[in-house]
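> here are the coordinates; sequence isn't available:
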């Protein structure tokens, strides 16, 4: 098909896999061993810096947002809006035909 589709599908399948997390099931002592921390003192400065360097800041990524012009175009060309556009075009077309047929077309159209 296209270039790189096998890589993309493999990466997508990897992202879709279920994440195995058991931190809510294990004991507190086991968690302290896993994360190399202590309940009373927490992480040391060097451990915190190393974790920050490896994992980045502890922040959520914002969801992707739709640009404003895309939202505008979606509103302008949605189902009912297309019917209104079609009606407006037909009115202009009918007025153009009537204006070409009569010297002074009636203003009620």
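Cool, the structure landed. Computed from a prediction, not measured in an experiment: that's the story for all the values here.
> center of this protein, which residue is that?
In the chain, the centroid-proximal residue (C-alpha atoms, centre = their mean) is residue 64; its distance is 3.8 Å.
> kindly state the pLDDT recorded for that residue?
Note for residue 64: predicted pLDDT of 90.
> now do the one 3 residues further on
According to the per-residue confidence, residue 67 scores 95 in pLDDT.
> ok, it to residue 60 distance?
Using C-beta to C-beta, to the nearest Å, we find residue 67 at a distance of 21 Å from residue 60. Where you see a C-beta, it was placed from the backbone N, CA and C, and this is true even at glycine.
> if we can go back for a sec, which helix or strand contains the residue nearest to the centre of the chain?
Under the criterion DSSP states H and E, no helix or strand holds residue 64.
> again, but for residue 80
Per DSSP H and E: helix 79-101 holds residue 80.
> quick check: mean pLDDT of that helix?
Mean predicted confidence for helix 79-101 is 92.
> what's in contact with that helix?
Applying C-beta atoms under 8 Å, 6 or more residues apart in numbering, the contact partners of helix 79-101 are 75, 77, 105-106, 109.
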